[in-house]
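Colleague: Got a sequence here, can you build the structure:
(one chain, ligands or ions: 1)
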Amino acid sequence: MAALHAISKGRLRMQLTELAGGAVAVYPAFRRVLGLSAAAAQFLSQAVYWTERTDDGWFYKTENEWLAEVGLAADEVRDSRKSLKALGVLEEQRKGIPAKMFYRVDEAALFAALEGDVPAITLNQLFELYTPKLGQLSKAGLMRAKRAGVPCEFVSYADVLRRDGLICGCCAKPIERGPGNTGMHLSFDHIQPLAAGGAHHFENLQPTHAGCRAAKGGSVAYQRPASPCSVDRTSVLSVVPTSSLTQEQPVVLPKDSRCVLDKTTITKNTQETTQETTTVVQLAPARPKRAAKPRDEAEQIRQEACRRIWSAYAAAYEQRYATAPVRNARISRQVVELRKRLGEEAVPVAEYFVWINDSYLIRSCHDLGLLLARCEAYRTQWATNRQMNATTARQLEQTQANLNAAQTAAEAIRAGEGQPNAFL
Ligand SMILES: [Zn+2]
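Modeller: All right, here's what the predicted structure looks like:
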């Protein structure tokens, strides 16, 4: 070891390169933001590298080459491809004789994914990708319960998912990401927390967003004014005995709700909430689950706005490309996101975007994901009615240079007032 430390840094690297070959780069955000495994992040980083270096983005690589280049074994390559395809960022094609597997990174989808627009994972994809992980989590859950000294049995988290589906037990919104510890990722939660005497039993477990679970913490009933998973909760739900109900409006619950409706009714927590009500809330062991959010006026206005954005984009697109743009669930989410970020201005900006003559945008057929990825910048361009493509940028630069020269001249004249003028 001492000998190794004696080697200067530069030499260590040189010797390593000789012995171990070149190093490869990895984008840490692929793990942090996209929630990929280390292998998949490495795979994607290398795929980005090669996509950039070919004319049409397609490159091929055999299993042996993946191993030699980035050190990924065949099963890691297989799992990486599955999760990247589930994210929508990797395209594959078998071409040539003999047939080889070609890959390409879908740049628009990658930008969109990094901005948080990831296609929702389906239950089937989740089982395909994460069955071993679910097994590990089930075992770890049992160990934790044993340590907590509560009644426990082995609970298969996969079975919990089969029973409840990918719906958060706390906020009743869909869970769209695989298992993880933060935000919108899938996590599992004891309906009645272990700290409050809850058992580690099948009936007491539910899938949740990791963020909702963290926010719920050790409290028995779920009572949180703001959730990290962008759930609009302006009114807090609480459980009160039916007897104390007078004129309050009961909230409509979907059929599959497992709330304790037989003894109590869920009501909106109004300002008349009494001390008695609060006490009941803390004692109630039930979860106020899946309370349906009324499709109010605001929601209709939002949908109407999204429709206008889409029609503006689609109309311009049809005019330019003589074909209608594809509409699918991912595109719909992009439209929603666009409305969130630009508001009403999204309508003219979406139309304006299609007519921008930038070679990169034309090659990508003005993909909506590209608009979303840089929508604030395109809004500025629309607002100033100037397309900031390479040509105008160069023109502006030129104009600025001329202005600077003129200004320098003017200053020189001003500085030399009263003396013979160099410019006259
Ligand atoms: Zn949630």
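
Colleague: tell me which residues of stretch 149-169 are tucked away?
Modeller: Neighbour-count burial for stretch 149-169, with 16 or more other C-beta atoms under 10 Å as criterion, is recorded at Val150, Cys152, Val155, Tyr157, Ala158, Val160, Leu161, Asp164, Leu166, Ile167, Cys168, Gly169. C-beta coordinates here come from the backbone N, C-alpha and C atoms, glycine included.

Colleague: Quick check: pLDDT value at the fifth one.
Modeller: When you say that, I think you mean Ala158. Note for Ala158: predicted pLDDT of 95.

Colleague: Could you find the closest non-adjacent residue to Thr131?
Modeller: Across the structure, with C-beta to C-beta, 6 or more residues apart in numbering as the measure, the residue nearest Thr131 apart from its sequence neighbours is Ala158 (6.7 Å).

Colleague: how close does that neighbour sit to Cys170?
Modeller: 20 Å (C-beta to C-beta, to the nearest Å).

Colleague: quick revisit: how about the contacts made by the residue nearest to Thr131?
Modeller: For Ala158, the contacting residues are Phe127, Thr131, Leu134, Gly135, Ser138, taking C-beta atoms under 8 Å, 6 or more residues apart in numbering as the criterion.

Colleague: My read is that the third one contacts Gly178, right?
Modeller: Going back to what we said before, that points to Leu134. No: distance between Leu134 and Gly178: 9.6 Å, which falls outside the contact criterion (C-beta atoms under 8 Å).

Colleague: Looking at these two, which is more packed in?
Modeller: Taking other C-beta atoms under 10 Å, Leu134 and Gly178 do not tie; Leu134 has more neighbours (22 against 19).

Colleague: give me the low-pLDDT residue ranges for the chain?
Modeller: 1-9, 218-295, 386-394, 396-397, 400, 412-424 (pLDDT under 70).

Colleague: can you list the domain ranges for it.
Modeller: Split into domains by automatic domain parsing, the chain comes to 23-114, 120-218, 236-242+258-270+277-293, 297-390.

Colleague: Please tell me how far the second one is from the chain's geometric centre.
Modeller: Distance, stretch centre to chain centre, for domain 120-218: 20 Å (C-alpha atoms, centre = their mean, to the nearest Å).

Colleague: on that earlier part again, ok, the buried residues of stretch 149-169 vs the ion, which is closest?
Modeller: Of all the buried residues of stretch 149-169, Cys168 has the smallest distance to the ion: 3.1 Å, by C-beta to the ion.

Colleague: Show me which residues of this structure are close to the ion?
Modeller: Taking C-beta under 5 Å from the ion as the contact definition, the chain meets the ion at Cys168, Cys170, Cys171, His209, Cys212, Cys229.

Colleague: Doesn't the fifth one lie inside a helix?
Modeller: To tie it back to what came earlier, the one meant is Cys212. Yes: judged by DSSP: H, G, I helix; E, B strand; the rest coil, Cys212 forms part of a helix.

Colleague: any idea which of the residues of the chain next to the ion has the most stuff around it?
Modeller: Compared across these, His209 has the highest neighbour count, 29 neighbours, by other C-beta under 10 Å.

Colleague: Please tell me I have it right and it contacts Ser187.
Modeller: Yes: contact status for His209 versus Ser187: in contact at 6.7 Å, counting by C-beta under 8 Å.

Colleague: In the stretch 301-424 of the chain, what residue lies closest to the ion?
Modeller: For the stretch 301-424 of the chain, the residue closest to the ion is Arg333, as judged by C-beta to the ion, at 17.1 Å.

Colleague: Run a quick neighbour tally on that residue.
Modeller: The burial count assigned to Arg333 is 18, neighbours taken as other C-beta under 10 Å.

Colleague: re earlier: and the buried residues of stretch 149-169, which two are the farthest apart?
Modeller: Val150 and Leu166 (26.6 Å; C-beta to C-beta).

Colleague: Which residue comes closest to Leu361 once chain neighbours are left out?
Modeller: Taking C-beta to C-beta, 6+ apart as the measure, Leu361 lies nearest to Leu370, with 6.3 Å between them; neighbours along the chain are not counted.

Colleague: just Phe30 next, same as before
Modeller: Nearest in space to Phe30, with sequence neighbours left out and distances taken as C-beta to C-beta, 6+ apart, is Ala41 at 3.9 Å.
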